[in-house]
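**Student:** Sharing a model prediction with you, sequence too.
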Amino acid sequence: MSKLIKSRVLMEEAEKDLEHGSFNKAVSASYFSVRLLVEHLIKGLKTSKDDKIANALYRRIEGKIGRKAAFDVRKRYLKLFQSRKIADHKPYLFSREEAGYIVMEAKKLISEIEESLSR
């Protein structure tokens with residue numbers, strides 16, 4: 001299975017997790033959906049460290065969308081990563097509203113990244 005297909009499947013699962021009340025799972029799946037998309041789109045990526053992936057994404061899109069917009073995308077990617085770490089490793093339960101917002105932000109980020117890298 002390609003990373004692009006897996007990215008799409010994970011976003012579908014995040015949406016289903018929201019419907020079923022599995023809010024922490026929705027947060028985690030939405031992050032990994034974005035990450036796998038980035039890994040698919042940036043050929044030759046040689047790291048699995050999340051901050052390095054965010055930096056590679058920034059470098060790849062900066063010339064296409066500008067420094068400020070690229071920094072915003074990087075910041076939002078890292079915010080999703082932080083949310084995923086909380087969802088998976090901390091004694092915290094995301095609410096429906098929080099998880100819904102995070103999934104929505106992940107979907108927006110996916111759209112922006114795809115558009116940026118297709119320019």
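**Tutor:** Cool, the structure landed. Residues are numbered from 1 along each chain as shown.
**Student:** Run through this protein and note the low-pLDDT ranges.
**Tutor:** 119 (pLDDT under 70).
**Student:** Where do the helices of it begin and end?
**Tutor:** 3-20, 23-41, 50-65, 67-89, 96-117 (DSSP state H).
**Student:** most tightly surrounded among those?
**Tutor:** helix 23-41 (a mean of 23; mean count of other Cβ atoms under 10 Å). Yep, even glycine has a C-beta here, placed from its N, CA and C like the rest.
**Student:** From the centroid of the protein, which residue is nearest?
**Tutor:** Centroid check for the chain by Cα atoms, centre = their mean gives residue 34 as the closest residue, at 2.9 Å.
**Student:** so that one sits right up against residue 106, yeah?
**Tutor:** Yes: look at residue 34 against residue 106 with Cβ atoms under 8 Å: they come within range, at 5.3 Å.
**Student:** Now the common contact residues for the two.
**Tutor:** residue 80 (Cβ atoms under 8 Å, 6 or more residues apart in numbering).
**Student:** re the thing from before, need the contact list for the residue nearest to the centre of the chain.
**Tutor:** 7, 77, 80, 106, 109-110, 113.
**Student:** before we move on, what about residue 23?
**Tutor:** 17, 93-96, 98-99.
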